[in-house]
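>>> sequence and predicted structure, then a few things I'm wondering about:
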Amino acid sequence: MISIKKLNPKDIQQFFLWRDADFYVHNVLRREIIEHEEDKRVIFIALINLNIVGTAQFVAKHYDIELADGISTAYLQSLLVDTNYRRQGIGCQLIKTVEFEAVQRNFQRLTIMVESDNSPALNLYHKMGFTFFKNSKNRWRGMEYCVNCLEKSLV
Ligand SMILES: CC(C)(COP(=O)(O)OP(=O)(O)OC[C@H]1O[C@@H](n2cnc3c(N)ncnc32)[C@H](O)[C@@H]1OP(=O)(O)O)[C@@H](O)C(=O)NCCC(=O)NCCS
């Protein structure tokens, strides 16, 4: 039976292990956890039998205000499901959880960035009602790469 909850301090060690965080990822996660503690973002984890099997984040503000302006548009980040648990609806449930968080905070629009060759994620986002609105660039491990920005109205 799957459950989805907000990350709490007791989960952090397991979260790092599950993400198999190297130095770079570890630093990124540390910054994200600080923002989670400051309520600027919400890190959700999906659990089966107390084991983490997925994660997704609600982010209120992004440096690109078309992606999240802290007022009406929020951003869904870092959706990830354990390879052994894919195609069981966990990705869908994590997205619904982030959508619910955004609605609870009175946001009217949710956005996502996805690489144009990531068909599993693109299929999932289209199935969940997201549509393309612009091309952009994202940075990871010092590399810049092209992404599609998708949006969904929450009203
Ligand atoms: C993308 C990802 C989160 C999907 O998670 P998931 O739990 O497997 O997704 P779901 O089971 O909820 O899938 C729902 C729908 O998405 C689509 N989908 C998901 N995985 C797919 C795949 N491998 N191929 C094609 N369509 C896929 C299907 O339409 C699926 O519905 P169906 O199973 O009834 O056909 C997962 O593959 C993952 O973690 N990938 C690596 C990280 C990643 O790319 N994250 C997105 C970053 S933008």
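Yep, that arrived. Residues are numbered from 1 along each chain as shown.
>>> give the contact list for the residue of the chain found nearest the ligand.
The chain approaches the ligand most closely through residue 91 (2.7 Å), counting by CB to the nearest ligand atom. All C-beta spots, glycine's among them, are computed from the backbone N, C-alpha and C. Taking CB atoms under 8 Å, 6 or more residues apart in numbering, we find residue 91 in contact with 54, 79, 81, 124.
>>> interface residues of the protein facing the ligand?
Contact residues, the chain versus the ligand (CB under 6 Å from any ligand atom): 79-81, 86-92, 114, 118-121, 123-124, 127.
>>> among those, which ones are in helices?
90-92, 119-121, 123-124, 127 (DSSP state H).
>>> got these as TSV, with pLDDT columns?
Compiled in TSV, these are given as follows (pLDDT from 0 to 100):
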residue	pLDDT
90	98
91	98
92	98
119	96
120	97
121	98
123	98
124	98
127	98
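>>> got CSV for those residues, with distance to residue 13 too?
Listed next are these as CSV, based on distance: CB to CB, whole Å:
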residue, distance to residue 13
90, 22
91, 24
92, 28
119, 34
120, 29
121, 28
123, 33
124, 29
127, 34
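>>> of all the residues you listed, which two lie farthest apart?
Across these, the longest distance by CB to CB is 17.7 Å; it joins 90 and 119.
>>> more crowded one of the two?
Higher neighbour count among residue 90 and residue 119: residue 90, with 22 against 10, using other CB atoms under 10 Å.
>>> dump the residue contacts of that one.
Applying CB under 8 Å, 6+ apart, one finds that residue 90 lies in contact with 2, 46, 53-54, 81.
>>> show the pLDDT at residue 53.
pLDDT recorded at residue 53 is 98.
>>> that's a helix at it, yeah?
No. Applying DSSP: H, G, I helix; E, B strand; the rest coil, one finds residue 53 to be strand, outside a helix.
>>> go ahead and confirm it touches residue 47.
Yes. Using CB atoms under 8 Å, residue 53 is in contact with residue 47, at 6.7 Å.
>>> please, which helix or strand holds the residue most central in space within the chain?
The chain has residue 77 as the residue nearest its centroid, 2.8 Å off, counting by CA atoms, centre = their mean. Per DSSP states H and E: residue 77 is located in strand 73-81.
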